[in-house]
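J.: show me the folded form of this:
(one chain, ligands or ions: 1)
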Amino acid sequence: MDLYQQLLEQDKQHIWHPYSALGSDLPVYPVVSASGVRLQLADGRELIDGMSSWWSAIHGYNHPELNLALENQLKSMSHVMFGGLTHPPAVELASTLVDITPAPLNSVFFSDSGSVSVEVAMKMAIQYWHDKQQTNKQKFLTLRSGYHGDTFGAMSVCDPITGMHSLFNQSLTQQVFIDSPTSPFGEACNETDLKNLTTALEQHHATLAAFILEPVVQGAGGMHFYSADYLNKARALCDEFNVLLIFDEIATGFGRTGRLFACEFSQIEPDIMCIGKALTGGYLTLAATLTNTEVAQTISNGDPGVFMHGPTFMANPLACSAANASIKILQQSNWQTKINKIESWLSAALEKCVTLTKVKDVRVLGAIAVVECMEAVDMKIIQAAFVDKGVWIRPFGKLIYLMPPYIIDQQDTEQLCNAIFEILND
Ligand SMILES: *Cc1c(COP(=O)(O)O)cnc(C)c1O
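T.: Sure thing, here's the model as predicted:
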């Protein structure tokens, strides 16, 4: 049996994939290496990567500088506990993050994944109000069509329908949901959106610790783009009603939308912000929760006077080194110009999809493109069709979307877009 078949058989017997059934007959494809924007399959085929491994591999795969950063760190230490100890990669990364994120955010809590950074953000908000003697404020306001991760706290603020609330209903905290903003990106916040938000805050502020949302781009919950002015309004209302504001920038961070962080499209800053995914350039799992002095000091001076969280692999030195290198590569690249180019390539090459009967909407923002279909795609058929065309694109539901590595060129971008057009035209 060749390597390809052997990997597949053993995989099918023992291994879960994201949102999958064991032994499913949906295809999985064995990858043996990856370089630049190409994934190499075990049978020798090469695929152009349209996903950046879920928003993370922004500089492409097997990047010489990222490789070198990890090799160097490996020689001094790959891990050490963070309780009572600190190390150069963590200190450097924290100070860089404080520099590049919105000005008020100046303390950093490292964790191992995006979902955990959301749990940490939610705990910070609850602990903040606890220390202000407002122990009723333990719930969260959030948007429909949101996605914040798969752990229980994060799940409770995911979209109530696509987020599988019914399955875990008895175990999830009931949060307060409002409709996701209808005000389009680039326009002012409309009256309906403002009214929904105001009404929810008027009714529930006494029990709300924070309003948590993905700024400007809702990712896995629907790939929806909306008005940055909504964030301005949210900030003002949260201040008025004594509710903290949490931005989940795990998907949008590090240039993807055309700004370093999507909240930069607005005029305001959150009290707490989560980052992850592209933080290490897609090399290792690492996330962070940043907060302002008011929240950090209140928690630190309150009772019990410590923040109650501390993962085993907190601030892992290898992951921090990858993050330091990835941020340097980004800063030294002309990323803003590059994202603008990718945006125009994607817009131009996907325009023809609008005419297809199967297509409901095409939208592009920064290096993110979404082709929304009328009906959910058949994963078994479409996944194989993309691979046959030499591209790696992984749709979900009605959404076929692209977020390629920033190093992609025009020709590869067009090949990704053409594959979508040809398959939907078939
Ligand atoms: C992916 C994602 C998460 C969860 O991150 P994991 O690292 O998968 O736990 C949370 N929020 C948003 C917006 C995300 O895109």
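
J.: so where is the chain shaky, pLDDT-wise?
T.: 1 (pLDDT under 70).

J.: for it, which residue occupies the most central location?
T.: In the chain, the centroid-proximal residue (CA atoms, centre = their mean) is residue 251; its distance is 2.1 Å.

J.: OK, contacts around the closest residue to it other than its chain neighbours?
T.: Distances taken as CB to CB, 6 or more residues apart in numbering place residue 219 nearest to residue 251, at 3.9 Å, with adjacent residues excluded. C-beta here means a position set from N, CA and C on the backbone, and glycine is covered the same way. Contact partners of residue 219, counting by CB atoms under 8 Å, 6 or more residues apart in numbering, are 55, 147, 250-252.

J.: again with residue 146
T.: Counted by CB under 8 Å, 6+ apart, residue 146 has contacts 157-159, 180, 212-214, 218, 221, 248.

J.: may I see those residues organised as a markdown table, with secondary structure added?
T.: Output for those, formatted as a markdown table (DSSP: H, G, I helix; E, B strand; the rest coil):
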| residue | secondary structure |
| --- | --- |
| 157 | coil |
| 158 | coil |
| 159 | coil |
| 180 | coil |
| 212 | strand |
| 213 | strand |
| 214 | coil |
| 218 | strand |
| 221 | coil |
| 248 | strand |
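
J.: those residues also near the ligand: which ones?
T.: 214, 248 (CB under 6 Å from any ligand atom).

J.: minimum distance to the ligand, which residue of the protein gives it?
T.: The chain approaches the ligand most closely through residue 114 (2.1 Å), counting by CB to the nearest ligand atom.

J.: leaving out the residues flanking it, which one is nearest to that residue?
T.: residue 276 (3.6 Å).

J.: what does the stretch 1-150 of the chain put close to the ligand?
T.: 113-115, 118, 147-149.

J.: give me that answer again for 5 Å
T.: 113-115, 148-149 (CB under 5 Å from any ligand atom).

J.: and the two most separated of those?
T.: 113 and 148 (11.8 Å; CB to CB).

J.: so what's residue 149 up against?
T.: Contacts of residue 149 (CB under 8 Å, 6+ apart): 113-116, 118-119, 155, 158, 250.

J.: should've said residue 196
T.: If you count contacts by CB under 8 Å, 6+ apart, residue 196 has them with 178-179.

J.: now do the SS call for it.
T.: helix.

J.: and it, how far from residue 203?
T.: Relative to residue 203, residue 196 is positioned 11 Å away (CB to CB, to the nearest Å).

J.: that older thread, among the contacts of residue 219, which are in helices?
T.: residue 55 (DSSP state H).

J.: got the CA coordinates for the strand or helix carrying residue 141 in PDB?
T.: Per DSSP states H and E, residue 141 falls inside strand 139-143. The C-alpha coordinates for strand 139-143 follow below in PDB (Å, rounded to 0.1, in the frame of the first residue of the first chain):
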ATOM      1  CA  LYS A 139     -23.700  37.900  31.700                       C
ATOM      2  CA  PHE A 140     -22.600  38.900  28.200                       C
ATOM      3  CA  LEU A 141     -24.300  40.800  25.400                       C
ATOM      4  CA  THR A 142     -23.300  39.500  21.900                       C
ATOM      5  CA  LEU A 143     -24.300  39.500  18.200                       C
END
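
J.: residue 419: what's it in contact with?
T.: Going by CB under 8 Å, 6+ apart, residue 419 touches 386, 389-391, 393.

J.: the same query, at a cut-off of 6 Å, please.
T.: Contacts for residue 419 (CB atoms under 6 Å, 6 or more residues apart in numbering) come out as 386, 389, 391.

J.: may I have the beta-bridge partners of the last one?
T.: Going back to what we said before, that points to residue 391. For residue 391, the beta-bridge partners under DSSP bridges are residue 48.

J.: so it versus residue 184, what's the distance?
T.: Residue 391 is 29 Å from residue 184, by CB to CB.

J.: which residues of the stretch 151-300 of the chain fall in helices?
T.: Under the criterion DSSP state H, counting those that start in this stretch, the stretch 151-300 of the chain contains helices at 152-156, 191-204, 229-240, 293-301.

J.: next, format those helices as JSON lines and append distance to residue 82.
T.: What follows is the helices of the stretch 151-300 of the chain, written out as JSON lines (distance: least, CB to CB, whole Å):
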{"stretch": "helix 152-156", "distance to residue 82": "22"}
{"stretch": "helix 191-204", "distance to residue 82": "36"}
{"stretch": "helix 229-240", "distance to residue 82": "31"}
{"stretch": "helix 293-301", "distance to residue 82": "17"}
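
J.: using TSV, lay out those together with distance to the ligand.
T.: Listed next are the helices of the stretch 151-300 of the chain as TSV, based on distance: least, CB to the nearest ligand atom, whole Å:
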stretch	distance to the ligand
helix 152-156	6
helix 191-204	19
helix 229-240	15
helix 293-301	20
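
J.: mind checking which of the ones you listed is nearest residue 98?
T.: Among the helices of the stretch 151-300 of the chain, the nearest to residue 98 by CB to CB is helix 293-301 (11.2 Å).

J.: output the contacting helices and strands for that closest one.
T.: Where contact means 3 or more CB pairs under 6 Å, 6 or more residues apart in numbering; DSSP states H and E, helix 293-301 is packed against helix 114-131.

J.: now do the helix it packs on against strand 139-143, angle only.
T.: With axes from the mean of the first three to the mean of the last three CA atoms, to 10 degrees as the basis, helix 114-131 and strand 139-143 are set at 130 degrees to each other.

J.: who does helix 114-131 touch, helix- and strand-wise?
T.: With contacts taken as 3+ CB pairs under 6 Å, 6+ apart, helix 114-131 sits against strand 105-111, helix 152-156, strand 208-213, strand 272-275, strand 287-292, helix 293-301.

J.: which residues of the stretch 251-400 of the chain lie near the ligand?
T.: When proximity is defined as CB under 5 Å from any ligand atom, the stretch 251-400 of the chain approaches the ligand at 251, 276.

J.: which of residue 391 and residue 184 has more neighbours?
T.: Using other CB atoms under 10 Å as the criterion, residue 391 and residue 184 rank with residue 391 on top: 24 against 12.
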